[in-house]
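Colleague: Have a look; sequence and predicted model below, questions after that.
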Amino acid sequence: MARGNNEILANLEQIVGPEYVSNEEADLQPYTWDMTWAEPRMPDYVVMPKTVTEIQRILRLANHRKIPVVPYCNGTNIGGLCVPEEGGIIMDLKKMDRILKIDPETCYAVIEPGVSHAAFSAALKATNPQWKGEEFSKGFEFGWGVHPPSASVLAMAINHGIGHLNGRLGINSQLMSSMEVVLPTGEVAKIGSCAYSDSWHSFLPLPRMDGLFTGWLGTTGIVTKLGVWIFPIRPYRDVLTIAAASAEDITNYMVRWRHYSLCDEVTAVSWWLAQIPIVFPYSPKPADAPEFFSYTVISGWSEEELAYKRKMWKEVVEKERAKGTKLIDFEYPPEAKKGRTELPSRIVGSTKNYSKSCGGGIAWPGTFAPCKSWPILYEKWKEIYIRHGLSPATRFTDYQGAHYGMLRCMTPFNKRDPASVQAARDAMVECVRAGLPEGMLPYKPPVEYQNELNAVADAGYLYLMAKIKDMLDPNNIMNPGKLGIR
Amino acid sequence: MSHLLKNKNLKELAKIYDWVSMCTHCGNCKYGYEYGAATNFAAMLCVQGDKFNFDSYRGSRGKVSLARSLLHNRIGWSDKVAHVLFTCTSCGACQQMCETDIKPWILRMFETLRYEAWKQNVAIPENIKAWSSTIGTLYNPYKEPHENRLDWLPSDVRASLPKKAEYIYFAGCTASYRRKQLARATVSLLQKLKVDFTVVEDEWCCASPLLRTGQYDLAAKFVEHNKALPEKYGASTFITTCSGCYRTLGRDYTMDAPEGYADKYGKMTGVKVLHTTHLLEEMLKKGEIEFTGSFNKKVTYHDPCHLGRHAEVYETPRNVLKAVPGLELVEMYRNRKFSFCCGAGGGVRGGFADYSLETAGKRVKEAEATGAELVTSACPFCYTNLADAIELNKSPLKMEDVVEIIEPIVRRK
């Protein structure tokens, strides 16, 4: 069965060629839903542009005909961001999959939206950091997150995705250096150093216009090229682990440890998230099991550097113990350790931890929150989750320094059971509501979270957001419905 | 709620909805990937997605989504649905990458979807329909007379074979009708190695093409017939040169769902199934084979999907090739569990010849890039497609089956 209308289909075929556009339901159906509870919604067309010019022409057509356009790379954002709320055109960008440049001296790469983490990591590992022909070490890396290998590097970065270097370098959007964007009305703009030369090394010291396209959930334009900083792979890496009896105890340890800025990452997971699969539906943890397990990844250029970091880490643990913090030694499973030391491994991109036998649903209240709110919110979330029959499979991760970090709760649910879907959605929305007064902000937010955010947002902030959106996208064609303001 | 099972008319598909609904839509299946201290692999493995681009075609996610959309009554059957279903080569690359509970059910789900498609008024590829209309009486998908099945076998050899033997050489339809030199080479090899074997005139198609294209009802009598052959000929073991036959006899006849079809057709018990390369490897290990010559060529091995990903036989053919004096084995970038299909499987060679050959052409280019002079495989169906692509693309490569490499230069110790 076909959707949309034949005239628009013919226009799109003219732009990209008939092979790369479809209005057949059989082709549209994978774009109707994602891992989350988002109700499936059918687009009217899917189109696969290969060039910036094709994107410009599609957007001009969409403006002329007032058709929504949803940018799409792999649809794995766990936020329902690519589910087309109002139908329209899915702009599937995976054919734009070129790694345009890897500069091993200035340490940045320029990629298109369809470049997957798999392709990017392979290319970076094969490129050696160098200066004037002298090679310093082997291979580069970027922030590899928790995602399938087919996930888009660009989409993840512009939506504030996280990576394994977030403790040392910050989240992936902080590693962006330049971009090229097609505005909703079809104009092309370069932002950052690439606006002045072919060097894509930095947004600074220019006005940060990249902010108009970062964290906007694809509602303000199509980012067609992205410069990102890349980093030499440090040849020595280790994982240090400790458990704790409570969220308060593990937070105390994490805050003290990250104070020294010596790790690539420090993360803690609750007992329920440490289980493979996550316990679903909820059942209590054994009384003698720690409430939280933490790993921290350290890296360096020599064994001595690693030894120093281990020594400092032990001091942190001892200081906390001396203070009365209940920290418990535990051994990290070898498979998990391998996954953390040989990044980006498939275990990190795995969904097996989340999905066993639970009907294919995964979502989270994924948030950025000040670290002091973690234990407070964990106790609140735990009560909410257990009340809804769900396990509080919670994660804390520090982001570069003593400011804030991730607080989220991986939530499997059974999509075939309406009560299970409802319970998951209700629990997560309630968690977001509980967290907002504590400084917590959801990232890649589903529409339901966005509504919660908007309800308590500063009026001036919402006014400015709406004004920017209107300026950039006067016909509101870009991923409408996602921001909750238009 | 859109994830409820609403379309109960699709009974076979509905039966496995518990598994279908385990897919998280994560997309692991869309790309081949392995990374770590020792490995650095990233490549597109989905033949169908590589050609047709849209997510509907890419990995198992697209087909799972299709199954769910049909079961949820979100979409109806159409020719486009049939195209998505029948352009998959069932190569199993997506299954290889999957990490959720649907993983073992992925290929079974594809076949179940095809089973359901046959009951709808949709465009099943004409050529598949054509061979399906005659296979029930000719017992092969090539529309050849059954009585000609053993024409490949020289009459003096045929006369010399015992009526009963330990092994039945199950030549399969492709070698019997299209790659006769391979069947002859296999018989010659088995004779040289003094294997107690016979060839049977009442061998029927193993039913692989029927099962892979979802023709469950038609497959039943083939399975029943072939299962009875070992007892009739006093044999304990089927030996095959065809990877498709190996997978079907060895898994579909003997294993329960989802790996096989014993749940539908009963289980073949007490019969071993070996691929020719298994026999060769075993005899090499025992020191029972002596090489009388060498094969001084650089060779690359193409993993047949039915032997590789479907049955996880990766090293056996390589071990055999490595034992050949003079042979230099080089690997394509995509190999073993990360191999790239030749494009023939799942009914695609018959249903979509151009696309099938285009895929084989991609594989031939990859083989050329190794610097090999010859590409070898362990399946006459892969042989056919790759050899045709070599010719079509005027590639300098030669194609020979593993058996054809070994047969001229061995004898029993």
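Modeller: Sure thing, it's come through. Numbers count the residues shown, from 1 in each chain, chains lettered A, B, ... in the order given.
Colleague: And the stretch of helix or strand A:Glu383 belongs to, what does it pack against?
Modeller: Assigned by DSSP states H and E, A:Glu383 belongs to helix A:374-387. In this structure, helix A:374-387 makes packing contacts with helix A:247-258, strand A:394-399, strand A:404-409, helix A:418-435, judged by 3 or more Cβ pairs under 8 Å, 6 or more residues apart in numbering or on different chains; DSSP states H and E. (Glycine included, C-beta is placed from N, CA and C.)
Colleague: Please name whichever of those is nearest to A:Ile102.
Modeller: With respect to A:Ile102, and counting by Cβ to Cβ, the nearest of the helices and strands packed on helix A:374-387 is strand A:394-399 at 25.7 Å.
Colleague: C-alpha coordinates for that closest one, PDB please?
Modeller: Extracted C-alpha coordinates of strand A:394-399, given in PDB (Å, rounded to 0.1, in the frame of the first residue of the first chain):
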ATOM      1  CA  THR A 394      20.100   3.100  37.900                       C
ATOM      2  CA  ARG A 395      23.400   4.400  36.600                       C
ATOM      3  CA  PHE A 396      25.500   7.400  37.800                       C
ATOM      4  CA  THR A 397      28.300   8.600  35.500                       C
ATOM      5  CA  ASP A 398      30.500  11.600  36.100                       C
ATOM      6  CA  TYR A 399      31.000  14.100  33.300                       C
END
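Colleague: what's that strand packed up against?
Modeller: Secondary-structure packing of strand A:394-399 (3+ Cβ pairs under 8 Å, 6+ apart): helix A:166-169, helix A:247-258, strand A:265-270, helix A:271-274, helix A:374-387, strand A:404-409.
Colleague: and the angle from that strand to helix A:418-435?
Modeller: Taking axes from the mean of the first three to the mean of the last three Cα atoms, to 10 degrees, one finds strand A:394-399 and helix A:418-435 inclined to each other by 40 degrees.
Colleague: right, so of the helices and strands packed on strand A:394-399, which gets closest to A:Glu24?
Modeller: Closest approach to A:Glu24 among the helices and strands packed on strand A:394-399 (Cβ to Cβ): strand A:404-409, 36.9 Å.
Colleague: Just want the angle from the helix or strand encompassing A:Ala322 to strand A:265-270.
Modeller: Element membership of A:Ala322, judged by DSSP H and E, is helix A:303-323. Angle, helix A:303-323 to strand A:265-270, by the same axes, to 10 degrees: 40 degrees.
Colleague: Show me which helix or strand of chain A is least confident by mean pLDDT.
Modeller: helix A:352-355 (a mean of 63; mean pLDDT, DSSP states H and E).
Colleague: Would you map the strands across the stretch 1-150 of chain A?
Modeller: Assigned by DSSP state E, counting those that start in this stretch, the strands in the stretch 1-150 of chain A fall at A:21-22, A:45-47, A:69-72, A:89-92, A:99-103, A:108-111, A:130-131, A:134-135, A:140-141.
Colleague: Same list, those, but as TSV with distance to B:Pro317 and mean neighbour count please.
Modeller: Shown next, in TSV, are those (distance: least, Cβ to Cβ, whole Å; neighbours: other Cβ atoms under 10 Å in any protein chain shown):
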stretch	distance to B:Pro317	mean neighbour count
strand A:21-22	40	26
strand A:45-47	41	28
strand A:69-72	41	28
strand A:89-92	38	29
strand A:99-103	35	15
strand A:108-111	38	24
strand A:130-131	41	12
strand A:134-135	39	10
strand A:140-141	36	22
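Colleague: Using JSON lines, please lay out those together with distance to B:Phe222 and mean pLDDT.
Modeller: Formatted as JSON lines, these follow (distance: least, Cβ to Cβ, whole Å; pLDDT from 0 to 100):
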{"stretch": "strand A:21-22", "distance to B:Phe222": "37", "mean pLDDT": "98"}
{"stretch": "strand A:45-47", "distance to B:Phe222": "40", "mean pLDDT": "98"}
{"stretch": "strand A:69-72", "distance to B:Phe222": "44", "mean pLDDT": "98"}
{"stretch": "strand A:89-92", "distance to B:Phe222": "41", "mean pLDDT": "98"}
{"stretch": "strand A:99-103", "distance to B:Phe222": "49", "mean pLDDT": "98"}
{"stretch": "strand A:108-111", "distance to B:Phe222": "51", "mean pLDDT": "98"}
{"stretch": "strand A:130-131", "distance to B:Phe222": "62", "mean pLDDT": "97"}
{"stretch": "strand A:134-135", "distance to B:Phe222": "60", "mean pLDDT": "96"}
{"stretch": "strand A:140-141", "distance to B:Phe222": "53", "mean pLDDT": "94"}
